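Engineer: Sequence and predicted structure below; questions after.
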Amino acid sequence: MKELMGDVGVDHELVVGLALSAGKSVVWWFDFATDAVTWMPGLDDVLAVAGAPEHVVRARLSELIAPLTVAAKATPVWQDFELEQPCETSSGDVRWVQFRARLSPDPDSRRLVGIATDVTARHEQEQALTDLADRYRLLVELSPDAIVVHEAGQIVYANPAALRFSRVETAAELMGRPIVDLVHPDSVAEMLHRIAELGVPGAASAPAEAVLLRGDGSTLDVESVSVRTTWEGRPAFQVIMRDVTAQKAAAAALHYQAALVAHVSDALVATTADGVVTSWNPTAETVYGHPAGEAIGQPIQRVIDADLDPVAILAGGGVQQAVHHRADGGTLAVRVSVARMDDGYVLICADETARRRAEQHFTTVVAALEEGVIVVGPTGLVESANRAAERILGIREQEVIGLPTTLAELYDETGGRLPASNYLSTRTRLTGEPQNGKILSMTRPDGERIWLSLSCHALDDGGDGPSAVVVSFTDITERRMIDGMLEHEATHDALTGLFNRTVIIERLSRAARGHRAGRTALLFIDLDKFKIINDSLGHGAGDEVLQVLGDRLSRGVRRGDVVGRLGGDEFAVIAHGTAGPEEAAALVEHIRVELNRPIAVDGRNLHVDASVGIVIADPDDPRDGADLLRDADLAMYEAKTKGRGRHAFFDVDLRERTQRRLRLEQDLRGAPENAELWLAYQPIVDLRTGRTTMVEGLLRWTHPRYGLISPGEFIGLAEESDLINIVGVHMLRTATRGIVDLRARHNPDLELTVNLSTRQLDDPNLVSTVRDALDRTGLPPSALCLEITESALMRDPIVAARTLSALRDLGVRLAIDDFGTGYSSLAQLLTLPLDLLKIDQSFTAGLGKSADAEAIVTSIIAMAHAVDLTVVAEGVEHALQLDILRRLDCDQAQGYHLGRPAAAPELGKLF
């Protein structure tokens, strides 16, 4: 002990330093020189060998600290050593000892000084915590419920069940995603509200239903609970989600079963073992007339007013035919089915009163039916036939009873005879499967062929062997004839007998073309000027011409080509297997030659030509029939623009031009309201004074997409689409407002001239429109001049003269535009109330180049002056033309040399 105390003194500082970091400890020493180990009292208890001899303690200590002594021999001074070792007690338990040691600084006595501490309690606590963490981890990982943790709205953990719920492969697909990505938008607001209420760690929300969004786009009904927790020291929320799909399905099933019981068509009654009613569904109330409150608790015999022994019924097979009574004493024919329950019986009481009564009348009803009815027995022999069957089939019942049904020869809709095994009655008799509405034909004994709509139904449902069969049928011979006629009418043109538009589109479909080799050519044929025939000779003559032309088309095409009438004077030819455009063009010319041959109608020989649009479709062309017909129609109109009797092939540019034209037509309708139309003014100069005395208002259109549109494009479009009157009204109002402003700012005597189109002359509201424009602006009528083209005047001179006279009565001036390009004469001009004559620019362009041009202009000026008309020359481009016009005594002129059309603000320099 003295030696030990001496050692303690020497290593006091070491021992104190080690002891400060340990609990209850015992000091020990190891001398490197002698390999001797010593210790303080109590070490035997620490090493789980309490009371053992010294050599036992030394052996155990040496064994336990051996790793430290080996390591310390090669370690510098002040190096700390630490080691935990297990010790087995005499009872088999394990005790953990911590060894902490440090080398002695005494160079003369090199030894290792350490302490031994019993850390079993700490070890057990750590192990318990580890076990608890492992158990919690396993509970979370193996939980059938989905568990996710989200921190600051982002997912930081998801267990395997959450991956299955979300239908993703790995947790990485969920990590970092917003938690709201997993929640249906309809459930997000409620979820955020629940989370906001969880203010302290450990707080949990009440279970609530939510809809989970899955990775594959599907949804899942879940019950969700949110718990306030922490994640790596930061506030977070743990969400537990339970799949309630099966639970909701079960609830729905229970609800369905309850509804089924409530709405089943039979009386459903439950009783105790001794026959007291415990359940009485609504149908039972209806059948027996007893409310449920009155029936429940009563003996079943009393409620139904009849004997009922469930045991006897079960012994007899579970079903019984019985007579029960209603509350009002009425008799009921009932089929009672009994099933045993744990504590009683369930009775299904089917009210068969009506059926029994119906069975009594069955024979009479069947006999009176207009539908033929034959009953075939299980052996395939006829058992009965009603009167209608005798009448329809031309037989007598006594003659067919006992005969097999296969004696009658039956044929399907294709004309093929049915084998005996395929007779409907045979199949139903052997399989029990019903056959409904089958169409068959047969020949009656008198030789007449008839068509039948036939149905078969088994009379013994659920039987194991062949069943008796009821065969019912109606005579549809007349209907078949009508249907055939209707089908032909639905697919053919009534006038020509050719296929109609519907069939043409179907034959042009991708599916129909897929069965054909090579390319398909579609010819869209429109007769030229056919309206003249109808208008001059009448529609009867026109129909006769169409019939002749339809026949010529059918005979003039190749074998296998399809010819149809699309309507009116439009026809179509589908030529399959066309080599290319050259072959299609050759076919068109051949057809035109056939159509051009004279047609004798009402003693006249008529010649008809056609414009043809052509579409060539490759086998893989994605267009359907309607698309091809549309494109061929576009090509036909393109052919008409080139002149009559022409053909044109469809191309993409044509479609784009057509689409542009359609877009412009649609947009032109709203252009006035959208302030897209505006007026440019071109000066008209007095050749004697050199002053601008008049301006011509020229309509311009700035389109929001295409920019400035040429008047030649949109004016023609307006006339064709009946928009010209809308545009014309806008132009008159805009031009008159503009000229009033110009007169106020520059020249109070300035006059305005504007153009009227051919269609505007036909407008009955034209005069009132002009009057309204003058009234709105206060422009003197004499300051307005309306220009009408020569061709418009000559189209219907009588109507034109009447309209011009009405306009002249307003006080406005009138001009004939583009004179010299039509077919008018001086005599015709004298009949019209005109003031100005405008020489067409084509004549002006020849001045200085051609003596003929100068002679023509001279004649026009002289002729106009002879009837007191002011002459205006259009298209003056250079000074020489202007000098010649002055020499020829022309009154006024306009053209680019004198001034280009410009917006009103740019005209100031002309005055």
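Structural biologist: Happy to help now that I have it. In this text, all values refer to a predicted model and were calculated from it rather than measured experimentally. Residues are numbered from 1 along each chain as shown.
Engineer: For the most centrally placed residue in the chain, grab phi and psi.
Structural biologist: Nearest to the geometric centre of the chain sits Gly217, at 18.2 Å (CA atoms, centre = their mean). Phi and psi for Gly217, reported as degrees, to the nearest 10, are phi 90, psi -10.
Engineer: So what's the predicted local confidence for it?
Structural biologist: Gly217 carries a pLDDT value of 81.
Engineer: With the one 3 residues further on instead?
Structural biologist: At Leu220, the predicted lDDT confidence score is 85.
Engineer: cool, Asp889 as well?
Structural biologist: Confidence score, pLDDT, at Asp889: 95.
Engineer: Same check on Gly820?
Structural biologist: Confidence score, pLDDT, at Gly820: 67.
Engineer: so who does the closest residue in space to Thr69 that isn't next to it in sequence touch?
Structural biologist: In this structure, Thr69 finds its nearest non-sequential neighbour in Phe30, 5.4 Å apart by CB to CB, 6 or more residues apart in numbering. Bear in mind the C-beta positions are built from the backbone N, C-alpha and C, glycine included. Neighbour list for Phe30: 36-37, 65, 68-69, 72, 101, 111-112, 114 [criterion: CB atoms under 8 Å, 6 or more residues apart in numbering].
Engineer: Make sure Phe30 is indeed in a strand.
Structural biologist: Yes - counting by DSSP: H, G, I helix; E, B strand; the rest coil, Phe30 falls inside a strand.
Engineer: Now do it against Trp39, distance only.
Structural biologist: Plainly put, Phe30 is 10 Å away from Trp39 if you go by CB to CB, to the nearest Å.
Engineer: Glu371 now?
Structural biologist: For Glu371 relative to Trp39 (CB to CB), the value is 117 Å.
Engineer: picking up where we left off before, distance of the residue nearest to the centre of the chain from Ser187?
Structural biologist: As for Gly217, its distance to Ser187 is 16 Å (criterion: CB to CB).
Engineer: Now for Ala773: which residues touch it?
Structural biologist: Counting by CB under 8 Å, 6+ apart, Ala773 makes contact with 732-733, 736, 779.
Engineer: quick check, nearest of these to Glu197?
Structural biologist: Arg733 (68.3 Å; CB to CB).
Engineer: which one is that closest one nearest to, not counting chain neighbours?
Structural biologist: Excluding the flanking residues, the one nearest Arg733 by CB to CB, 6+ apart is Ala773, at 5.1 Å.
Engineer: For Arg565, see how far away Ile532 is.
Structural biologist: In this view, Ile532 and Arg565 are 20 Å apart by CB to CB.
Engineer: Repeat that for Ala354.
Structural biologist: Distance from Ala354 to Arg565, by CB to CB: 58 Å.
Engineer: picking up where we left off before, more crowded one of Glu371 and Trp39?
Structural biologist: The residue with more neighbours, out of Glu371 and Trp39, is Trp39; 22 against 15, by other CB atoms under 10 Å.
Engineer: Now for the more buried one: which residues touch it?
Structural biologist: So Trp39 contacts 4, 26-29, 57, 61, 116 (CB under 8 Å, 6+ apart).
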